[in-house]
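Q: take a look and give me a structure for this.
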Amino acid sequence: MAATKRLPDGNANSSTVSSEKYAVDIRKFIVFIFAITIVSFSLGSIYGPVRNIGDASASSSNRAKIDDIPAIDRKEGWTDLLLTPVGSSGGSGAREQTDAEVVEGISHRRARTDNIADFGLLIDKTEGLEYNPAGQHLLVDMRNVSYSFLDDAEALAAAIVELIRVTHHTLLSHHCHKLIPAGVSCVGVLLESHISFHTWPEEGVITFDLFTCGGTPLLAALPLIEKYFGIPREEGRSRGIGATHEDPTKVVTQWVHQLRGFRTNDQRASHVMDDKSDLALAVLTNPDVSKDQIISTETSQQRVDIWDIQDSDEEGQSIFDMMDGPFPIGDPRYRNSPQYVTPSRMFFLNGKIKSGNQTERVLHEALVHPAMFAHEAPKRVAILGRGEAGALREVLKHKTVDSVVMFENDKSLLNIIKEHIPTLCDCRNQEGTADVCFDDTRTEINFSNALEFFSENFDIKGGKKGDVEKFDVIVLNDLELQENSVKLLDSMIGSLTQDGIIVINVGSTKQLTDTRKFGDIFSLLEMRLDTVFVYEENRAWTGFSFVVGCLSKSCRKRWYAKNDAIDYEISSRTVSSTDGSSLFVNFDGGTQHGYKFPPKAWEDLYCRREPEPAECQYRSLNLGKEIISWESGFEMQTDKNGHTGIFATRNIEDGSYIVPEEASASLFLPADTLANLVDSTSSVPGTNKVEIKNFVEYANKYGRESLTEGLGNQVIDVGPIIRVKVGKDDNANIARISTLLPPLPSFSPVFERNRRMFDTLVVATSVIRKGEEVFLHEN
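A: Numbers count the residues shown, from 1 in each chain. Take a look at the predicted model:
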């Protein structure tokens, strides 16, 4: 061999056959071995068998398919998960997978994401659910749990393994550590994320933390957590930290569910469990209430969620509980008496609050009655929305109503309401009305598409197109201005009678810090209606805003009616109750009086329009302008011809406020009251007709119609302002603010909040010199 060299034998005298030894170049040997390895690896890669992970041809006994998740069987109340072994259709040959098989069946690759953050490698299956940088977080606290169970690391470890198995998650590893003197801490690493919990045996408490980034609904694990970990506390054991009035052997559970991570705005808006949804705020993310799921289901049209919730630390009862209870309202015996506590039943559609039984009557009274009483005698009413049984109940309280058409395109929703929220459609206490509001002879349930119905039968220009009669009042709850909303709104306005009224629930109340501008609905209504009001009701849920639109300004007179006039209307125009109680829990003349004045936030939003409406500059006193009282700036003088006038005793700057105290003392007299005074001078015997006649003459001489057009009020001036002469444009130097403003717009929260100030306040329109006579601009 060329690489070897024969060496002489060291034992020259040996008589035996000697062995041969060779020298090897180690560098060449290593190169030779490395070359053989490279060649062998290359040949094996090219010609050897290949087995793709997740290949459909691979044996089902050697790999797992994560997509083989058992179906979820939804039932009323909590969702039950029915376990079907993975990789089978339920046959006798089904078996559990090993961890290796589970991991082997998953393809690890980066999933494409449009979210604003990407947490490295995202686990994404070749088929089925994606694992994105967003997940679900379930926190569960339980008390009154067994001491022995909470102190047994092996039992808890077995429970966590079983829980993960039946909830169809993948447990990669877990560890439970026994604490001294008592307690256990456990943590499990899931393919989807993690689970952990800690126990306090003496206090009977266990707290859970379960997070997953998969798509399996995590809330469905809650009843299973209660099943496997809610072992009741043993009798005779100390009560732990349970409340004094509760059964120490009854496990109490508190929990919150939250969506975590990063989602696009569209993903958040479409998810009913998003943190900003009403369902999340009231139930899922609220740690201070106990909650029971009544039903969560998907109809053909929408998602329906109904929950019973109750404040966990509530000691007393609601006013409704006390009204139904055996003791007087406010009786201390109600305290710590859970048998008299009724939870609040919350009704959600697509994650948005529809009603809660503690305040739904307040909500529906606010929605219906202001518009109904603003109309002289509504006979035909339409109700649009989703599940508007409460609005129907309130409309049927009016004696004048002959027909109510309720539009509802989801028949199954009405059945859900009748079964789970019967109070919404309960008319038993209303005389002359069917027990179930849906069954009343005046009620017509129209299951057709509302847009098609109104578009086919009515038009804003031509009005009635078919044989369908017009409506006096339309009640629209939760209008969402989407693709066809303009067409729907035009058709509905075209369906109104001459003095018709429409009321719309426009969502949550406005705040002073709100930076949003008005939605399109206000522009649409302003262009189409003569009068538009906005009002709020903050005693229902977190508050709602409503807008009322009238085809005629005549509704202003009834909208601004006195408290006692509204109370009289309620008494005379609504049916009586069968048990003698009031049919109204919140609405009366005083409530309507509060609706007359829009909150300041609406005024602020209105004045952010571009260009700014003219009345906005007068909505508050200009502190930079001087206030000129009678004593400090004016005197009355009579010339030689006997004509009396008001003269300035000092120089007065342009824009100064003229005798505001005297002006604010003006009388506001309803037209009906003035007419009654005139009538009393001839029809009522024994009255002092002279005084009444003199007052009527004074009112006619110094009175004028209020700026609030259609109201019919007379503003009667008093004090020295009545001596001011009316001037012409060339010599008038003071004016009421109402004179300086454009005609009353159909919608202006500024006018509604400041109408009396605009009717009376007077300002200088030019510089007034000392000794100059004061002349008032003609209205």
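
Q: just the residues contacting the longest strand belonging to the chain, thanks.
A: The longest strand of the chain (DSSP state E) is strand 496-507. Residues from elsewhere that reach strand 496-507, judged by Cβ atoms under 8 Å, 6 or more residues apart in numbering: 367-368, 370-371, 374-376, 378, 380, 385, 470-479, 492-493, 519, 521, 529, 534, 544-552, 554-555. Placement of C-beta: from N, CA and C, glycine included.

Q: where's K227, which helix or strand?
A: Element membership of K227 [criterion: DSSP states H and E] is helix 222-229.

Q: swap in K557?
A: Using DSSP H and E, K557 sits in helix 555-559.

Q: all strands of the stretch 501-650 of the chain, in order?
A: For the stretch 501-650 of the chain, the strands defined by DSSP state E, counting those that start in this stretch occupy 531-537, 544-550, 627-628, 634-638, 644-648.

Q: direction included, what does the shortest one pair up with?
A: Partner strands and pairing direction for strand 627-628 (DSSP bridges) are strand 657-658 (parallel).

Q: what's the ChimeraX syntax to select whichever of the contacts of strand 496-507 are buried?
A: Filtering the contacts of strand 496-507 down to the buried ones (16 or more other Cβ atoms under 10 Å) takes a single ChimeraX command:
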select :367,368,370,371,374,375,378,380,385,470,471,472,473,474,475,476,477,478,479,492,493,521,529,534,544,545,546,547,548,549,550,551,552,554,555
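
Q: just the contacts of strand 496-507: which are in helices?
A: Mapping those onto helices (DSSP state H) picks out L367, V368, P370, A371, A374, M492, I493, I521, C555.

Q: how about the contacts made by V362?
A: Going by Cβ under 8 Å, 6+ apart, V362 touches E537, R539, A540, V585, N586.

Q: again with H364
A: S355, G390, A391, R393, E394.

Q: do the same with R769
A: A648, N651.

Q: now swap in E536 and tell me
A: T509, K510, G543, F544, S545, F546, P598, P599.

Q: return the member of those residues nearest to G645.
A: Of all these, G645 sits closest to P598, with 40.2 Å by Cβ to Cβ.

Q: now do the contacts for the closest one.
A: F533, V534, Y535, E536, P749, E752, R753.

Q: repeat that for 10 Å
A: 510, 533-536, 545, 605-606, 748-753 (Cβ atoms under 10 Å, 6 or more residues apart in numbering).

Q: name the nearest residue to it, sequence neighbours excluded.
A: In space, and not counting its chain neighbours, P598 is closest to P749: 4.2 Å by Cβ to Cβ, 6 or more residues apart in numbering.

Q: can I assume that neighbour is in contact with F597?
A: Yes. The pair P749 and F597 qualifies as a contact (Cβ atoms under 10 Å) at a distance of 9.0 Å.

Q: who has more neighbours, those two?
A: P749 (26 against 15; other Cβ atoms under 10 Å).

Q: distance of that one from F522?
A: According to Cβ to Cβ, to the nearest Å, P749 stands 10 Å off from F522.

Q: what's the overlap in contacts for those two?
A: Contacts common to P749 and F522, judged by Cβ under 10 Å, 6+ apart, are V532, V534, L605, Y606.

Q: burial count for the third one?
A: Right, L605. 21.

Q: pick out the residue closest to the middle of this protein.
A: Nearest to the centroid of the C-alpha atoms of the chain, with distances taken as Cα atoms, centre = their mean, sits D278, at 4.8 Å.

Q: just give the nearest non-adjacent residue to that one, would you?
A: Setting aside the residues directly before and after it, D278 is nearest to I353 in space (Cβ to Cβ, 6+ apart), at 3.9 Å.

Q: for the one you found, give me the backbone phi and psi.
A: With angles defined as degrees, to the nearest 10, I353 sits at phi -70, psi 130.

Q: who's it bridged to?
A: Beta-bridge partners for I353, by DSSP bridges, are F348.
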